[in-house]
Structure formats: structure tokens, C-alpha cells
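Participant: Kindly return the folded structure for what I paste below:
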Amino acid sequence: MYLTDVMKKKIEAQLDDLEQMIEWMDSQVEQGEKEEDWTQKLAAERALYIAVELMTNAASDIIDAMVMRDPGGYSDILLVLVEEKILSQSLFEQLLPLIDLRTRLLRELARIPNADIFFALQSQRGYLRNFCKQLRSYMEHPY
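Facilitator: Numbers count the residues shown, from 1 in each chain. Predicted coordinates for the structure are as follows:
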């Protein structure tokens, strides 16, 4: 029922990787949307998907280490962290569209409009940064 140094290092590595995804998203937003650039779209889709996986993997590791209730899905992983006062309710609500986008990426594949992908790049970067900040804050003071 505590975060070992090994677990903290694992979660920190996931958060570091997530921050690298955020930096890449920043660079793409600075370049602007290229309407019919398939390479940019596919890379952005992959970055968003990986960001969700890194976020939920780090959250799941905290849930497992601290023996919290078992989540029932991706959004529930984040909800457990809200219930445990690790994430704020507002951040949870801000991250839900990204969880929904992950589902769309898996089911709709290449049919998601470029504008939706670019909007997610623009809108979710700050929320992902806040996620990293709130998880790190918890790891520094878990009780």
C-alpha cells in the first residue's frame, strides 16, 4: 500500500515519455494544420493514442501500488484517481474527450477528420501537462 522507489521510477519514466509526446504536439501546433497532410495526421493520431496509453498506464500503476478499487475502463481509471483525491474533478472532465478520442481512433481508424485530430492536439496539451503535474505531486506526498 505504498509507492516503492521502483514503482516511482516506472511511473516517472511514463510521465517523462508523456511529456515528450506533449512537446511533439506543441511542435505540430506551432506548424499549424496542414489540411490534407496524411503524414501529419497519422503521426498526430499515433501521438494522441500513445499519450492516452501512457497516462492510463501511469494511473493504473498508482492504483495497483496503492491498492485502490479496480477500474472498469479507461475513463474509470482516471475516475479512481479523482475519488482518491489524486486528480481534480475538473481535470478529469477535461481529459474525458481524449479518452473518447482513443475509442474513435480504434473504431473509426482513418475516418476521423483532420480538424478533429488537430483540435485534440491543440486542446489537450495543457490538460496532459496538468495530469503529469498532479501525479508527480501525489508521488511526492502520497498521503
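
Participant: C-alpha from now on. contacts and neighbour counts both.
Facilitator: OK.

Participant: what about stretch 25-36, start to end distance?
Facilitator: Stretch 25-36 has an end-to-end distance of 18 Å (Cα to Cα, to the nearest Å).

Participant: typo on my end, stretch 58-78
Facilitator: Termini of stretch 58-78 sit 10 Å apart (Cα to Cα).

Participant: For it, buried residues please.
Facilitator: Residues of stretch 58-78 classed as buried: A58, A59, S60, D61, I62, I63, Y74, S75, I77, L78 (neighbour count, 16 or more other Cα atoms under 10 Å).

Participant: I'd like to check what contacts it. Which residues are they?
Facilitator: 1-3, 7, 11, 14-15, 56, 80-81, 87, 92, 96, 99 (Cα atoms under 8 Å, 6 or more residues apart in numbering).

Participant: Also stretch 24-42?
Facilitator: Under Cα under 8 Å, 6+ apart, the answer for stretch 24-42 is A44, A47, N114, A115, I117, F118, L121, Q122, R125.

Participant: Pick out the most distant pair among those residues.
Facilitator: The largest separation in those, counting by Cα to Cα, is between N114 and R125 at 17.0 Å.

Participant: coming back round to it: as CSV, the buried residues of stretch 58-78 with pLDDT would be great.
Facilitator: Listed next are these as CSV, based on pLDDT from 0 to 100:
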residue, pLDDT
A58, 97
A59, 96
S60, 95
D61, 95
I62, 93
I63, 92
Y74, 94
S75, 94
I77, 96
L78, 97
